[in-house]
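Enquirer: can't give you the sequence, but here's the structure:
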């Protein structure tokens with residue numbers, strides 16, 4: 001029996017050593033050696049999904065491994081964000097994040113709700129787009145422009161409501177900032193993503209919509225929706241005839257929705273730096289740039305440090321809005 005026991009021990013040691021060597025063999029130079037999952041924390045059809053899929057496709061070609069988009073919606077994006085924050089930090093699970101990632105933990109804290117995740121559980125990798133929120137109504141709406149819209153809101157406090165992609169999202173926060181600045185009484189109707197929110201406006205279930213530009217642009221160009229104003233400081237190339245809120249008389253208003261990639265905090269820096277380089281390289285590709293700009297995105301390359309700094313600025317910017325509106329991601 002003794003020789004058999006020794007042989008089994010030896011075989012077990014060899015197997016363990018082989019696994020250890022295999023794990024050690026993966027370096028930033030050889031990573032990735034298997035498919036990567038990009039979690040989009042919103043349903044298909046919204047700004048995160050529309051931006052994430054072409055980027056995932058471009059990364060797949062550059063990295064030589066599939067980058068698979070997984071929609072994990074709910075809680076204003078919080079469910080998918082928390083899932084990535086708690087996932088294995090090996091570079092094979094990344095997050096397609098929007099501006100709301102800087103709001104959800106802060107909003108939970110302000111309203112006294114248990115935080116589903118904290119920002120220090122995630123590591124910024126690269127920012128790649130920014131786009132303003134657009135205020136839209138059905139094409140047959142009586143409101144032809146922002147001036148007639150704001151007059152109706154002031155003349156009928158509490159009468160109207162608006163649709164957004166969900167509590168704590170960029171469009172929701174932009175709407176609440178506008179309400180705060182203009183002293184408006186308009187109820188918020190949250191949906192589980194930008195696509196469902198726009199469908200509610202198109203179906204005449206909700207008279208007003210706040211949306212990122214990419215999902216709204218096709219409906220505006222098709223004549224189904226009318227765009228009244230943008231929350232950016234400058235006009236959009238995809239909707240050049242639509243004025244900004246600044247042009248419409250609301251001074252110093254800015255509410256862009258940013259999109260960027262993050263990973264679990266423990267992901268090795270060498271891997272996240274490599275991923276940053278490859279994302280920035282992908283953004284230089286004319287095919288991807290044309291695809292994103294045609295949908296209304298403004299493209300940005302950035303370092304992980306720049307993304308981290310932008311998140312800090314957004315937290316300070318939106319904390320007042322979250323507190324005043326008692327905003328709860330949903």
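Expert: Cool, the structure landed. Just so we're clear, the structure is a prediction, and the values are computed from it rather than from any experiment.
Enquirer: ok, residue 149 touching residue 226?
Expert: No: Residue 149 is beyond contact range of residue 226, at 9.8 Å (criterion: Cβ atoms under 8 Å). Using the backbone N, CA and C atoms, a C-beta is placed for each residue, glycine as well.
Enquirer: Within the helices and strands, which one has residue 228?
Expert: Applying DSSP states H and E as the criterion places residue 228 in strand 225-230.
Enquirer: Show me what that strand is packed up against.
Expert: Packing partners of strand 225-230 (3 or more Cβ pairs under 8 Å, 6 or more residues apart in numbering; DSSP states H and E): strand 122-138, helix 146-155, helix 194-202, helix 213-221.
Enquirer: 7 Å - rerun?
Expert: Packing partners of strand 225-230 (3 or more Cβ pairs under 7 Å, 6 or more residues apart in numbering; DSSP states H and E): strand 122-138, helix 146-155, helix 213-221.
Enquirer: Now do the second one and strand 225-230, the angle between them.
Expert: Between helix 146-155 and strand 225-230, the angle comes out at 90 degrees (axes from the mean of the first three to the mean of the last three Cα atoms, to 10 degrees).
Enquirer: again with the first one
Expert: Following the same axes, to 10 degrees, one obtains 120 degrees for the angle between strand 122-138 and strand 225-230.
Enquirer: Pull up the pairing partners for strand 122-138, direction included.
Expert: strand 208-212 (antiparallel), strand 225-230 (antiparallel), strand 256-264 (antiparallel), strand 298-299 (antiparallel) (DSSP bridges).
Enquirer: OK, contacts around residue 35?
Expert: 65-66, 68 (Cβ atoms under 7 Å, 6 or more residues apart in numbering).
Enquirer: Those in strands, which ones?
Expert: Of these, the ones assigned to strands by DSSP state E are residue 68.
Enquirer: From the contacts of residue 35, keep the buried residues only.
Expert: Among the contacts of residue 35, the ones that count as buried by 16 or more other Cβ atoms under 10 Å are residue 65.
Enquirer: quick one: which of the contacts of residue 35 is nearest residue 46?
Expert: residue 68 (18.0 Å; Cβ to Cβ).
Enquirer: Look up the pLDDT of the nearest residue to residue 169 once chain neighbours are set aside for me, please.
Expert: In space, and not counting its chain neighbours, residue 169 is closest to residue 100: 4.8 Å by Cβ to Cβ, 6 or more residues apart in numbering. Residue 100 carries a pLDDT value of 79.
Enquirer: now residue 100: how far from residue 57?
Expert: To residue 57, residue 100 is 24 Å away according to Cβ to Cβ, to the nearest Å.
Enquirer: what about those two, which has more around it?
Expert: Neighbours per residue (other Cβ atoms under 10 Å) separate residue 100 from residue 57, with residue 100 holding more: 29 against 16.
Enquirer: what bits of the stretch 101-250 of the chain have low per-residue confidence?
Expert: Low-confidence segments of the stretch 101-250 of the chain (pLDDT under 70): 110-111.
Enquirer: Repeat the analysis, applying 50 as the threshold.
Expert: Within the stretch 101-250 of the chain, no range satisfies pLDDT under 50.
Enquirer: Secondary structure class of residue 29, three-state.
Expert: Taking DSSP: H, G, I helix; E, B strand; the rest coil as the rule, one finds residue 29 in the coil state.
Enquirer: Could you report the separation of it from residue 260?
Expert: In terms of Cβ to Cβ, residue 29 sits 25 Å off from residue 260.
Enquirer: So for these two, which residue has more residues nearby?
Expert: Set residue 29 next to residue 260 and count neighbours by other Cβ under 10 Å: residue 260 wins out with 26 against 7.
Enquirer: What residues does that one make contact with?
Expert: 97, 124, 126-128, 307.
Enquirer: give me the number of residues near the nearest residue to it once chain neighbours are set aside?
Expert: Ranked by Cβ to Cβ, 6+ apart and with sequence neighbours excluded, the top spatial neighbour of residue 260 is residue 127, at 3.9 Å. Using other Cβ under 10 Å, residue 127 has 25 other residues around it.
Enquirer: hmm, who's touching the strand holding residue 228?
Expert: With Cβ under 7 Å, 6+ apart as the test, strand 225-230 has contacts from 132, 134-139, 141, 143, 145-146, 149, 201-202, 216, 219-220, 236, 239, 242-245, 248.
Enquirer: what is the orientation angle of that strand with helix 213-221?
Expert: Going by the same axes, to 10 degrees, strand 225-230 makes 130 degrees with helix 213-221.
Enquirer: Settle this for me: residue 279 is touching residue 261, isn't it.
Expert: Yes: counting by Cβ atoms under 7 Å, residue 279 touches residue 261, with 6.3 Å between them.
Enquirer: Between these two, which has more neighbouring residues?
Expert: residue 261 (25 against 22).
Enquirer: In contact with the closest residue to the more buried one other than its chain neighbours, which residues are there?
Expert: Spatial nearest neighbour of residue 261, excluding adjacent residues (Cβ to Cβ, 6+ apart): residue 125 at 4.4 Å. Residue 125 is in contact with 261-263, 272, 275-276, 304, counting by Cβ under 7 Å, 6+ apart.
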